[in-house]
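>>> next come a sequence and a model predicted from it.
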Amino acid sequence: MTRTVLAIGAHIGDMDLTAGPTLAKLILDGANVTMVALTAGERSHPRLAPTEYKKQKIAEGEAFATAIGADFMVLGHSDGFLPDTDEAAAELATIIRDQQPDTLITHWQHSAHRDHEHAARLTTRARYLADLPLEPSDPPHLRALADLPRHTVRTLLHTENWQDMDGFHPTLY
């Protein structure tokens with residue numbers, strides 16, 4: 001069985017920096033990896049306008065993913081304003097149901113960075129929604145999930161960086 005991994009970061013570059021070598025090794029060992037950036041990280045440049053920097057960030061994310069052999073996608077949320085909503089979790093759950101990963105990698109849930117914290121919570125919620133049986137009477141934002149098969153993700157891993165150290169105790173290296 002081929003291992004399938006979704007690495008879910010709040011911004012382009014987050015999973016490159018926190019899990020890049022691990023993702024590259026998994027790919028070398030035969031895994032399928034998709035890197036998902038919930039935002040482009042477009043507001044983090046001190047001089048470039050967000051629209052200009054977004055293009056650069058997307059090109060950088062695509063280049064990194066191509067270099068290690070991963071797939072890459074960017075969702076349309078705004079850097080600094082990543083919502084912590086069921087709608088955003090359902091969007092991610094759709095990817096989980098479609099890709100059928102056995103492992104999710106995301107930020108530590110107690111990050112000092114709000115977007116990182118929201119990415120961790122969205123990933124946890126999406127994992128739950130991906131496995132939930134749905135019915136036509138469920139809220140509209142969940143109906144798209146009903147067209148895809150339910151999926152249980154067995155492993156959820158958290159990465160750390162200097163903003164994510166509060167209460168983080170690594171268990172896997």
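Everything's here; your move.

>>> okay, which residue is most central for the protein?
residue 8 (1.5 Å; Cα atoms, centre = their mean).

>>> so how far is residue 104 from that one?
From residue 8 across to residue 104, the span is 6 Å (Cβ to Cβ, to the nearest Å). Where you see a C-beta, it was placed from the backbone N, CA and C, and this is true even at glycine.

>>> need the overlap of contacts for these two.
Shared contacts of residue 8 and residue 104, defined by Cβ atoms under 8 Å, 6 or more residues apart in numbering, comprise residue 123.

>>> check contacts around residue 57.
11, 12, 13, 40, 41, 42.

>>> which of those residues fall in helices?
Among these, none falls in helices (DSSP state H).

>>> could I have the buried ones of these as ChimeraX selection syntax?
The ChimeraX command for the buried members of these (criterion: 16 or more other Cβ atoms under 10 Å) is given here:
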select :11,12,13,40,41,42
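
>>> quick check: buried residues in the worst-scoring helix or strand of the chain on mean pLDDT?
None of the helices or strands of the chain scores lower by mean pLDDT, DSSP states H and E than helix 140-143, at a mean of 85. For helix 140-143, a neighbour-count test (16+ other Cβ under 10 Å) marks 141, 142 as buried.

>>> and the helix or strand just after it, what does it pack against?
Reading on from helix 140-143 to the C-terminus, the next helix or strand found by DSSP states H and E is strand 155-159. Counting contacts by 3 or more Cβ pairs under 8 Å, 6 or more residues apart in numbering; DSSP states H and E, strand 155-159 packs against helix 14-28, strand 103-107, helix 114-131.
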